[in-house]
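A.B. asks: predicted structure and sequence below. I'll ask about it afterward.
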Amino acid sequence: MEQSVEIKNGQTASFEGQILPNENKFRDQDTRTEVVGLDIGTTKVVAIVGRKNQFGKVEILGYGKASNKGVKSGVVINLTETIKAINEAVQKAEYNSKIKIKKVVVGIAGQHIRSIQTREYIMRENPEDIITQEEIDKLIKQVERINVEAGEKIIHALPQEFMVDDEGNIPEIPIGMAGTRLEANFHVVVGKVASIQNLIRCVKMANLEVESVTLEPLASSDAVLLEEEKEGGIALIDIGGGTTDLAIFKNNIIRHTAIIPYGGNVVTQDLANGIQVLKRNAEAIKKRFGSAWPAENSDMEVVSIQGLPGRPPVEISLKSISRIIKARVEEIMQIVDAEIKRYTESNPNSALLGGVVLTGGGAELKHLPQLVNLITGYYTRVGHPNQHLASGTEEDLKSPIYATAVGLLMKGLDNKLNYEYYEEQDELKAAQQIEKEAVKEEEKVVEKKKPSMQKKRNKSFFDSLFDFIKKLE
């Protein structure tokens, strides 16, 4: 069935691979200031175009969302379907922003992702000189060359505590210190080469350039966590359609990551099997009536659900629906809790003072924070990606569903200046160019006048000579 979207000018554009009208009215993406976050998830693809304003807030210029049937548990299994979803989401974002998208920051997750801890060092050539960023980069590049399992590739090498000679547990990058040996602990994120290549291949086949690849829970953490939470200790649980991603922070440093290959899809499938309806109907029921806390519902609350073709509607109580949902969600959260304990029990002073933050589409399930609090024992809240967004942003974008895409956008904007700076520079250059052209025009006018002035001078000389001779006569 053909998908369509309503454009602001009242026209309707098709997104089935056709050449869309009025594309020539789009301006090219200004890659100096504008970034596109591309979240390729199990159930959806989201593209968000944004830039940084003068206050450092993220200004959303446009966004698009499309359903995706080409990814399973975070891994691309059907390139054609994934490319189709990317094209649709990007084209919607282009029409909303009136910008022709060229480069994207891509998120990566999936059951093929794992993390390892390692420690590396370098010996400095001049111990008396202060440590520079170039030496920090050299240490990180050395980590990126460590041996991993066959078929794997390093995605991130994230430094934790540093050590300079005998002084250790330095949380900040030790630029400005001096010493002979520079050392650091690293949290290294690796993934399967084939899965990474398939993801990038889909983006390139959609005629887009990959600006960078970022682990999705890291991106989500930027969008929904507070600095104080990262400092005191926090566990971020990003519940997507195909995976549940965990990222633990302490002292503003990433400490542990894990990808659990179960998400909202398995909850929907359990519900579909339990009440004998199609999966799409089960998804609609989960979103509208679903709850992770059966005690909040009564047996007297009954909903009628369309059954299979030719069969009568299915009637079921909301409490029964909630019990099916709770059973699977509880199982997933117990796996997450085991990962959290794996970190806290093996690290001294690892208390998570900030508790747990839930985000992603699955975080919208009613009463989920109460269930997670019961299982983990930690204070739990839902994380919305609104603290870094400029005022006037659409309310829809503040939903946990968009946390990863907003986080990817923020990652891409980290090293970019705000657009007002470049507008001022462009205006200054334009004014200087106009001034140069005016000077050139003036010089041309002067050059044209020179022969006539010379002619006037010559004529004046002969006239004077003629008058002199005439006087002598």
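C.D. replies: Good, I have the coordinates. Numbers count the residues shown, from 1 in each chain.

A.B. asks: how about E149, phi and psi?
C.D. replies: When read as degrees, to the nearest 10, the backbone of E149 gives phi -70, psi 150.

A.B. asks: that should have said R311, apologies.
C.D. replies: In terms of degrees, to the nearest 10, the main-chain angles of R311 are phi -110, psi 160.

A.B. asks: now the one 4 residues further on
C.D. replies: Dihedral angles of E315 (phi, psi; degrees, to the nearest 10) stand at phi -110, psi 130.

A.B. asks: OK, contacts around it?
C.D. replies: V302, V303, S304, I305 (C-beta atoms under 8 Å, 6 or more residues apart in numbering). C-betas here are computed from N, CA, C, even on glycine.

A.B. asks: how about 10 Å then?
C.D. replies: I275, V302, V303, S304, I305, G307 (C-beta atoms under 10 Å, 6 or more residues apart in numbering).

A.B. asks: could you check how far the spatially most central residue of the chain is from I434?
C.D. replies: Nearest to the mean C-alpha position of the chain, by C-alpha atoms, centre = their mean, lies L408 at 1.1 Å. To I434, L408 is 39 Å away according to C-beta to C-beta, to the nearest Å.

A.B. asks: go on, M410?
C.D. replies: M410 sits 37 Å away from I434, going by C-beta to C-beta.

A.B. asks: the two: which is more packed in?
C.D. replies: More neighbours surround M410 than the other of M410 and I434, with 22 against 10 (other C-beta atoms under 10 Å).

A.B. asks: check for me that the more buried one belongs to a helix.
C.D. replies: Yes - the assignment for M410 is a helix, going by DSSP: H, G, I helix; E, B strand; the rest coil.

A.B. asks: give me the nearest residue to it, chain neighbours excluded.
C.D. replies: D222 (4.9 Å; C-beta to C-beta, 6 or more residues apart in numbering).

A.B. asks: contact partners for K103?
C.D. replies: K103 neighbours (C-beta under 10 Å, 6+ apart): 29, 31, 34-36, 38, 203, 208-212, 412.

A.B. asks: just the buried ones from those residues?
C.D. replies: Neighbour-count burial (16 or more other C-beta atoms under 10 Å) applied to these gives Q29, E34, V35, V36, L38, V203, L208, E211, G412.

A.B. asks: where's the residue nearest to the last one when sequence neighbours are not counted, which helix or strand?
C.D. replies: Spatially, and ignoring its direct neighbours in sequence, G412 is nearest to V35 (3.4 Å; C-beta to C-beta, 6+ apart). For V35, the enclosing helix or strand under DSSP states H and E is strand 34-40.

A.B. asks: strand partners (parallel or antiparallel) of that strand?
C.D. replies: In the sheet, strand 34-40 lines up against strand 44-52 (antiparallel), strand 103-108 (parallel) (DSSP bridges).

A.B. asks: need the next SSE after the shortest one, C-terminal direction.
C.D. replies: On the C-terminal side of strand 103-108, the closest following helix or strand by DSSP H and E is strand 114-123.

A.B. asks: what segments of the stretch 301-450 of the chain are strands?
C.D. replies: With DSSP state E, counting those that start in this stretch, the ranges of strands along the stretch 301-450 of the chain come out as 302-305, 314-317, 356-359, 380-382.

A.B. asks: looking at the ones you listed, which is nearest to E395?
C.D. replies: Closest of those to E395 is strand 380-382, at 15.0 Å (criterion: C-beta to C-beta).

A.B. asks: which residues does the closest one contact?
C.D. replies: 224, 229, 235, 237, 354-360, 363-365, 368-374, 399-400, 403.

A.B. asks: quick one, helices of this protein?
C.D. replies: Remark: helices assigned in the chain by DSSP state H are 79-97, 133-143, 193-205, 216-224, 227-232, 264-275, 279-289, 318-344, 368-376, 403-413, 419-472.

A.B. asks: just send those helices back as TSV, with distance to E120 and mean pLDDT too.
C.D. replies: As requested, those are exported to TSV (distance: least, C-beta to C-beta, whole Å; pLDDT from 0 to 100):
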stretch	distance to E120	mean pLDDT
helix 79-97	36	96
helix 133-143	5	93
helix 193-205	22	96
helix 216-224	20	95
helix 227-232	24	95
helix 264-275	38	94
helix 279-289	46	91
helix 318-344	21	95
helix 368-376	33	97
helix 403-413	24	95
helix 419-472	37	65
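
A.B. asks: out of these, which comes closest to G241?
C.D. replies: With C-beta to C-beta as the criterion, G241 lies closest to helix 264-275 of the helices of the chain, at 5.0 Å.

A.B. asks: that closest one: how far from the chain's middle?
C.D. replies: Mean-position distance between helix 264-275 and its chain equals 29 Å (C-alpha atoms, centre = their mean, to the nearest Å).

A.B. asks: which helices and strands does that helix pack with?
C.D. replies: Packing partners of helix 264-275 (3 or more C-beta pairs under 10 Å, 6 or more residues apart in numbering; DSSP states H and E): helix 279-289, strand 314-317, helix 318-344.

A.B. asks: relative to K416, which of the ones you listed is closest?
C.D. replies: helix 318-344 (33.2 Å).

A.B. asks: now for that closest one, which elements pack on it?
C.D. replies: The elements that helix 318-344 packs onto, with contact taken as 3+ C-beta pairs under 10 Å, 6+ apart, are strand 234-239, strand 244-250, strand 253-260, helix 264-275, helix 279-289, strand 302-305, strand 356-359, helix 368-376.

A.B. asks: kind regards, and thank you for your time.
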